[in-house]
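Enquirer: I'd like to go over a predicted model; first the sequence, then the structure.
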Amino acid sequence: MLDVLAFGAHPDDVELFCGGLLSKLKKQGKKVGIIDLTRGEMGTRGTPDIREQEAKEAAKVLNLDVRENAKLEDGNIQVDALSKKVVINFIRKYKPKIILAPYWEDRHPDHVYASRLVSASFFYSGLTRMESEYEAYRPKNLIYYFQHETAKPSFIVDISDEFPTKMNAVKAYKSQFYNPDQEAPNTFISQPEFLDSVENRAKYFGFQIAVEYGEPYFVKSALKIDNIFDIFA
Ligand SMILES: [Zn+2]
């Protein structure tokens, strides 16, 4: 059983956009996992094997309990019966209380389809007549994280203390990001400005809640609060 299970379309997606929160949850003693939906085999830099090693390294940095790869097709994530069954099996196997999924608007179509696939599986996983290897189970909540596109977040997590760990997890993906020693074609995320943008964004969202670094999240459902002073004081 896990407390939180985060899904990403590609290895490194979750580190980039939820790394602070996951690191914080681990410090709070929670059980946390990542499921990468694909092996990132369409990526311009690195190979699936290199990225698998990097993903293992990043999981160590974040101190994760679980990391698995769903081995769906990179560049062709489908919201079909077979893919839903794959995701439902992970949800039922690990029984997380909370699921993290990509926000549904993004420049990368894989992120869009990953969002729809995980959202649909989150719901169908709770149906007893939806057959799979495991018994029916529905997590309590689905929280979305923003990738390229953002909207007004429902809440922002203070990751000031966790930001260095998050960046170490991101930098475990040596094949993907800026590395002056590496001869490989340049991509959108391998330019040095990309890692700067990760920091600038964390500062931007941190500023909105008056802390050094923040990570924004979105929920569709209304937030249930017992004591408003827990949140607003
Ligand atoms: Zn991605």
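Expert: Perfect, thanks for sending it.
Enquirer: okay, now residue 223: neighbour count?
Expert: Neighbour count for residue 223, taken as other Cβ atoms under 10 Å: 9. The C-beta positions use only the backbone N, C-alpha and C, and glycine is treated the same way.
Enquirer: Over to it: give its phi and psi.
Expert: Residue 223 adopts backbone torsions of phi -90, psi 130, taken as degrees, to the nearest 10.
Enquirer: switch to numbering from 38
Expert: With 38 as the first residue, the last one maps to residue 260.
Enquirer: Relative to residue 80, how far out is the nearest residue to it once chain neighbours are set aside?
Expert: The spatial neighbour of residue 260 that comes closest, neighbours along the chain excluded (Cβ to Cβ, 6 or more residues apart in numbering), is residue 191 at 7.0 Å. According to Cβ to Cβ, to the nearest Å, residue 191 and residue 80 sit 31 Å apart.
Enquirer: Give me the more crowded residue out of these two.
Expert: Shown here are residue 191 and residue 80; by other Cβ under 10 Å, residue 80 has more neighbours (22 against 15).
Enquirer: ok, now how distant is the closest residue to residue 192 other than its chain neighbours from the ion?
Expert: In this structure, residue 192 finds its nearest non-sequential neighbour in residue 254, 5.7 Å apart by Cβ to Cβ, 6+ apart. If you measure residue 254 against the ion using Cβ to the ion, to the nearest Å, the figure is 17 Å.
Enquirer: This structure against the ion: which residues are in contact?
Expert: Contacts of the chain with the ion, taken as Cβ under 5 Å from the ion, map to 46-47, 50.
Enquirer: most neighbours, which of those residues?
Expert: Within the residues of the chain next to the ion, neighbour counts (other Cβ under 10 Å) peak at residue 46, which reaches 30 neighbours.
Enquirer: residues contacting that residue?
Expert: When contacts are counted by Cβ atoms under 8 Å, 6 or more residues apart in numbering, residue 46 touches 73-75, 111, 114, 139, 145, 147-148, 150-151.
Enquirer: From those, which land in strands?
Expert: Under the assignment DSSP state E, the contacts of residue 46 contribute 73-75, 139 to strands.
Enquirer: Tell me the most packed of those residues, by neighbour count.
Expert: In the ones in strands among the contacts of residue 46, the most neighbours by other Cβ under 10 Å go to residue 139, 32 neighbours.
Enquirer: For it, give me the pLDDT.
Expert: On the pLDDT scale, residue 139 is placed at 98.
Enquirer: my read: it touches residue 151, true?
Expert: Yes. At 5.2 Å, residue 139 counts as touching residue 151 under the criterion of Cβ atoms under 8 Å.
Enquirer: Find the residues that touch each one of the two.
Expert: Joint contacts of residue 139 and residue 151 (Cβ under 8 Å, 6+ apart) are 44-46.
Enquirer: if we take these, which one ends up nearest to residue 198?
Expert: For these, the residue nearest residue 198 by Cβ to Cβ is residue 45; the value is 22.9 Å.
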